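**Q** Just need the structure, nothing else, for what follows:
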Amino acid sequence: MERGVDREFIHTCSLWTFILTLVPIFSSLVEGQPQVIGSSQPIIAAPGDDVILPCHLEPAVDARGLTVEWSRPDLKPDPSDRWSWVRYVHLYRDRRDDLDMKIPSYIRRTTLFTDDMKHGNISLKVMNITSEDEGRFKCFIPNLKSTVKFSFVQLVVDPNLFTTEMPLDPRNVRTPGPDSQTRLGIWILGVVGCIVPCLAVTVGGYFIIRRRQKQVNTLPAPTLGQ
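**A** A predicted model of the protein is given here:
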């Protein structure tokens, strides 16, 4: 009976070891793909400001031949406009800006940094910010060969914010780099690497103890001598 228990324990450990082996393999495959990376911090601006919503591809990939969609996922469609649910803050495709599907309030207010798109920069400049612009913006590349095709940028419009006018340079806009994401990935893998073996041992030990308890309970009671 103990051999059966040992085989069950070995099978459980082998299963969890196999799962643990797949984790770094899958992680390395994802890390090798270009990913859309936005800003982990909200962008805060005052009404009337020009702002840059940072977004880029990491590792850097030439985005000039890709479709880039900037949208407002939380924006309610206009009942009077049947196409409002598919309109964009900014749409770039076929190597040019597409104005046909643009939200009317963003016409002549947005622009991409086309010279820097060859370096993977797909940040969006929005001019003359108003309170209506506050909310989430989605940066999406639908034809990107990656599992991470979009990211969100939160814009906060604070009427009490006083800003000093400074030239906007997309090269000065910092977005989370690969180092921070790599450190996070290593930390997660380390935690998983510790938890999974412990869980496998715990589960295996539980089955062994339970099986032995059953064996003890099924033993015939000793007979008392006359």
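**Q** Do you have the helices of this structure handy? List them.
**A** Secondary structure of the chain (DSSP state H): helices located at 2-31, 178-218.
**Q** Pick out the shakiest of those helices, pLDDT-wise.
**A** Among the helices of the chain, helix 2-31 carries the lowest mean pLDDT, at a mean of 49.
**Q** In terms of residue numbering, what are the domains of this protein?
**A** Under the assignment automatic domain parsing, the domains of the chain span 2-29+183-215, 39-175.
**Q** Around Ala63, count how many other residues there are.
**A** 25 (other C-beta atoms under 10 Å). Yep, even glycine has a C-beta here, placed from its N, CA and C like the rest.
**Q** so Leu112 bridges to which residues?
**A** Leu124 (DSSP bridges).
**Q** let me redo that: His90
**A** Trp70.
**Q** Wait, it touches Leu99, no?
**A** No: look at His90 against Leu99 with C-beta atoms under 8 Å: they stay out of range, at 9.5 Å.
**Q** Show me which of the two is the more surrounded one.
**A** His90 (26 against 12).
**Q** what sits against that one?
**A** Contacts of His90 were listed using C-beta atoms under 8 Å, 6 or more residues apart in numbering, and they are 68-70, 97, 102, 106, 110-112, 124.
**Q** most surrounded residue in these?
**A** Neighbour tally across the contacts of His90 (other C-beta under 10 Å): the maximum, 25 neighbours, falls on Trp70.
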